[in-house]
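J.: model this:
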Amino acid sequence: MKRALISVYDKSGLEEFARGLMALDVELVASGGTATFLTKLGIPVTPVEEVTEVPELLGGRVKTLHPRIHAAILARQDRPDDQASLEEHEIEAFGLVCVNLYPFQDVVARRAVGEQDAVEMIDIGGPAMLRAAAKNFAHVAPVCRPERYPDVLTELRAKGELSLDTRRRLAAETFSVTSAYEAAIASWFGAAENFRESFMPVFAKEQELAYGENPHQAAAYYSEVGARRHLLSMVTQLHGRDLSFNNLNDLSAARLVAREFELPACVIVKHANPCGVAVAGSIEQAYQRALAADPLSAYGGVIVLNRPVSEALGERLAEQFVEVLFAPGYDPVALEKLKEKPATRILEDRERRLSNPGERDYRRVLGGLLVQERDWDVDDREGMQVICGEPDELAWGDLLFAWRVCKHVTSNAIVLARDLQTLGIGAGQMSRVDSVRIALEKAREHGHPTAGAVLASDAFFPFPDGPQLALGAGVTGTIQPGGSKRDAEVVEAVERAGATMVFTHRRHFRH
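T.: Sure thing, here's the model as predicted:
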């Protein structure tokens, strides 16, 4: 390692890295602001313009785009013809190229950024140098992240060079960085198109997970680059085992339900479906009622609360087997009590609202990807239609509560509720009438009277059989999208029972 080219926007860790290379007798060549930065620190450096014999052009837009730079990066040490070309033109090869790029994504994420300012943050020379070094990884080490500086120096000090495996890993990381950079630029240019011809989402690894859906499957959690918020942003794990794939899948489902409610609410999820949801005057009441909705299914579930955990609530939660507990804060005594359970993953949320309206919903399919807008909307009562009956304000409250929960249940989805508490949930059945039957059985199993309850269905009833089962159990109100060819038969059955039916004119399938 005799010569290194350095051109970085982010100067983090650069002084230590440059001094480390200098101590190893590596000649440093640097461009523009990087050369100025190192010179002020007293670190000997050769400016790029001395190598190219051409000054910076176009206000700094052109600095490193020159044959004397790229030939020095791309030359293969094991090719006599390459070495002869370098000697003929008096070019000395680089053994290391350290470059990080203009912060395009950070700039365009700011509010009211003009197009000209965004365009100026599109790096040209940086990706060109990195890609050249990565292509020639057999002879050149591309370093594109400050986090790699310590490891690179450690290996150079120990061995005097970087192994082929290290250079290959650095090349892989480089192409990941440059491809993500290009994808971000393409997304910015194509932002006006709802679904572009080429779809290039970019994700960055947040953390390794304990395991995947099953213990024999390795897994990791990635957040979408450019997203303002993600599942674990502003979240701190205070206690417990490492999170698993299923933990995060269930946590996402529970957080999406909880965001539907402003009042104190508790959501308990198992296998990505809510099994108990309640809204109440206090978070203690909300938890008690959500747990009572289906205590059997709640065992080993994910619990999301939208209010801090008090000492009294902490004691109750400590009595329950909980996989993941998520709340915006914990009383110190409650936290110590909860920490007595070594397995419980305790997460603290420092931002209550999980919302990213422009987010896409991705579903992996064989050899491809299904992409849709996420179902963020909260349905407006004003857009709904009372088809029969006259629900009072209490009934409306239950109908809207059940409808909001139903939106997050796997189709065919049925939710029975009363007094802002779920009584029984039927999920994921091939037949809607089977989902009704399961919801009713769940309510009976846990001693919840269904007289006066309401029912929500995520899609229309194709036949009257489902509503008739519910009406026979004393359900007095139903909310559903409507739109079936047999709507008239369904409505007639409800009217005969003297019950209420509301059409939302919008469905919420979740497969």
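J.: what residues are up against residue 75?
T.: 82, 83, 85, 86, 91, 93, 136, 139 (C-beta atoms under 8 Å, 6 or more residues apart in numbering). Heads up, the C-betas are built off the backbone N, CA and C, glycines and all.
J.: now, among those residues, which is nearest to residue 261?
T.: residue 136 (56.8 Å; C-beta to C-beta).
J.: ok so, going back, using CSV, please lay out the contacts of residue 75 together with secondary structure, neighbour count and pLDDT.
T.: Formatted as CSV, the contacts of residue 75 follow (DSSP: H, G, I helix; E, B strand; the rest coil; neighbours: other C-beta atoms under 10 Å; pLDDT from 0 to 100):
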residue, secondary structure, neighbour count, pLDDT
82, helix, 17, 88
83, helix, 14, 90
85, helix, 14, 90
86, helix, 16, 88
91, coil, 17, 88
93, coil, 19, 92
136, coil, 22, 95
139, coil, 19, 94
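J.: Can you lay out those as TSV showing distance to residue 363?
T.: Output for those, formatted as TSV (distance: C-beta to C-beta, whole Å):
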residue	distance to residue 363
82	48
83	52
85	51
86	52
91	51
93	48
136	39
139	43
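J.: Which residues are in contact with residue 203?
T.: Counting by C-beta under 8 Å, 6+ apart, residue 203 has contacts 222, 223, 224, 225.
J.: That one and residue 183, how far apart?
T.: 10 Å (C-beta to C-beta, to the nearest Å).
J.: Ok, residue 398 next?
T.: 46 Å.
J.: Same check on residue 440?
T.: Residue 440 sits 49 Å away from residue 183, going by C-beta to C-beta.
J.: which one of the two has more residues nearby?
T.: Remark: of residue 440 and residue 183, residue 440 carries more neighbours, 25 against 18, as counted by other C-beta atoms under 10 Å.
J.: Give me the residues contacting the lowest-mean-pLDDT helix or strand in the chain.
T.: Lowest by mean pLDDT, DSSP states H and E among the helices and strands of the chain is helix 104-108, with a mean of 81. Residues outside helix 104-108 that contact it (C-beta under 8 Å, 6+ apart) are 113, 117, 118, 121, 122, 123, 181, 184, 185, 188, 225, 226.
J.: Can you report how many residues neighbour residue 389?
T.: With other C-beta under 10 Å as criterion, residue 389 counts 17.
J.: which residues sit in contact with residue 309?
T.: Here residue 309 is in contact with 283, 317, 325, 327, 329, 330, 331, 334, 335, 338 (C-beta under 8 Å, 6+ apart).
J.: check contacts around the first one.
T.: The reference is to residue 283. Contacts of residue 283 by C-beta under 8 Å, 6+ apart are 264, 265, 266, 305, 306, 307, 308, 309, 310, 313.
J.: In helices, which of those fall?
T.: Among those, DSSP state H puts residue 313 in helices.
J.: Only the buried members of the contacts of residue 283: can you turn that into a PyMOL selection?
T.: In PyMOL, a selection of the buried entries from the contacts of residue 283 looks like this (16 or more other C-beta atoms under 10 Å):
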select buried, resi 264+265+266+305+306+307+308+309+310+313
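J.: Pick out the most distant pair among the contacts of residue 283.
T.: So, the contacts of residue 283 by C-beta to C-beta: farthest apart are 265 and 310, at 15.3 Å.
J.: Enumerate the helices of the stretch 251-400 of the chain by residue range, in sequence order.
T.: Using DSSP state H, counting those that start in this stretch, the helices of the stretch 251-400 of the chain run over 283-293, 295-298, 311-318, 332-338, 393-406.
J.: Compute the number of surrounding residues for the closest residue to residue 378 other than its chain neighbours.
T.: Nearest residue to residue 378, sequence neighbours excluded (C-beta to C-beta, 6 or more residues apart in numbering): residue 260, at 6.5 Å. For residue 260, the neighbour count with other C-beta under 10 Å is 19.
J.: Touching, residue 260 and residue 404? I think so.
T.: Yes: with contact defined as C-beta atoms under 8 Å, residue 260 counts as touching residue 404 (4.2 Å).
J.: Need the overlap of contacts for the two.
T.: Going by C-beta under 8 Å, 6+ apart, residues that sit against residue 260 and also against residue 404 are residue 378.
J.: follow-up on the earlier one: contacting residues around the residue nearest to residue 378?
T.: 378, 404, 405, 407, 408.
J.: Hmm, the third one is touching residue 456, no?
T.: It stands for residue 405. Yes: assessed by C-beta under 8 Å, residue 405 is found in contact with residue 456 at 7.1 Å.
J.: the more surrounded of the two?
T.: residue 456 (30 against 24).
J.: Just the CA atoms of the helix or strand containing that one, as CSV, please.
T.: Element membership of residue 456 [criterion: DSSP states H and E] is strand 454-457. Taking C-alpha atoms only, strand 454-457 is exported to CSV below (Å, rounded to 0.1, in the frame of the first residue of the first chain):
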residue,chain,number,x,y,z
VAL,A,454,-72.0,-4.7,17.1
LEU,A,455,-70.3,-6.5,14.3
ALA,A,456,-67.8,-5.2,11.7
SER,A,457,-67.0,-6.9,8.5
